[in-house]
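1. sequence and predicted structure below; questions after.
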Amino acid sequence: MESFGTDITQIIVGRWSVKLDDRGRFQVPSEVRVRLKSVDEQFGFEQNKLYVSKSLDKPVQLFTQTHFYRMVQRVVDEIGGEALDSFLTQIGSSSSLVSIDKGGRATVPEYVMADARMKPNDEVVLVGKVYFLELWKPDYLEDRLEELRNRDDANEVIGKVLSTLPKADWRSGRATPRSSRRAAPDEECQQGQEDNTGERDE
């Protein structure tokens, strides 16, 4: 299996209001289907299929075959014994490989819906969680978002995320990583003199 990179086509973000029908099916947004297809096509898996799984928290999780394989393989490689047995029992008993039909619909199995306290004809929210998707009951999602906003370390986490973004170099019009070495004072002075010389020449 090839290594998993950070290709932008693998990233899924956004929030969509969807409805489960009387058979537990929901419409997968077209832009999401494009991303799902891109990931599994890239790594040689059959297209238009998803792993649907109940998380230990409230939402239903949906994985491409690529990322489900990656998750399971990593756990198998890193843990063993009773912990591995417990994980395999939990993930095996609460997951199902489902197809996205020609109408763009995927089905949440009845036992997964029951574990997530969902039922047919419920209004739910589909959330892109970067490398996978989650289905939430709207009130559970709002409670979770409020909990995250009120965390003591919320600003610290946001600061760490922002620190990874490139810092704009306004003179060159390019973005440079924040980790780039800052020029020494004498280098900055020399650069300023060169800039002023160029302005006078013009």
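-> Sure thing, it's come through.
2. which parts of stretch 92-109 are buried?
-> For stretch 92-109, burial by neighbour count (16 or more other Cβ atoms under 10 Å) applies to 94, 95, 98, 100, 105, 106, 107, 108, 109. All C-beta spots, glycine's among them, are computed from the backbone N, C-alpha and C.
3. ok, stretch 55-75 next?
-> Those would be 58-72, for stretch 55-75 by 16+ other Cβ under 10 Å.
4. same question, stretch 45-56
-> 48, 49, 50, 51, 52, 53, 54.
5. how far away is the most centrally placed residue in the chain from residue 64?
-> Nearest to the mean C-alpha position of the chain, by Cα atoms, centre = their mean, lies residue 130 at 1.4 Å. According to Cβ to Cβ, to the nearest Å, residue 130 stands 12 Å off from residue 64.
6. kindly report the same for residue 122.
-> According to Cβ to Cβ, residue 122 and residue 64 sit 24 Å apart.
7. do residue 138 as well
-> Look at residue 138 and residue 64: by Cβ to Cβ, they are 25 Å apart.
8. what sits opposite residue 51 in the beta ladder?
-> residue 63, residue 97 (DSSP bridges).
9. test my guess that it contacts residue 62.
-> Yes - applying Cβ atoms under 8 Å as the test, residue 51 and residue 62 come out as touching, 7.1 Å apart.
10. inside helices: which ones of the buried residues of stretch 55-75?
-> The members of these that map onto helices under DSSP state H are 65, 66, 67, 68, 69, 70, 71, 72.
11. not counting its neighbours along the chain, what's nearest the first one?
-> Computed as Cβ to Cβ, 6 or more residues apart in numbering, the closest residue to residue 65 that is not its neighbour in sequence is residue 45, at 4.0 Å.
12. all the strands of the protein, residue numbers only.
-> 12-19, 25-27, 49-54, 60-63, 95-99, 105-107, 123-130, 133-136, 167-169, 174-176 (DSSP state E).
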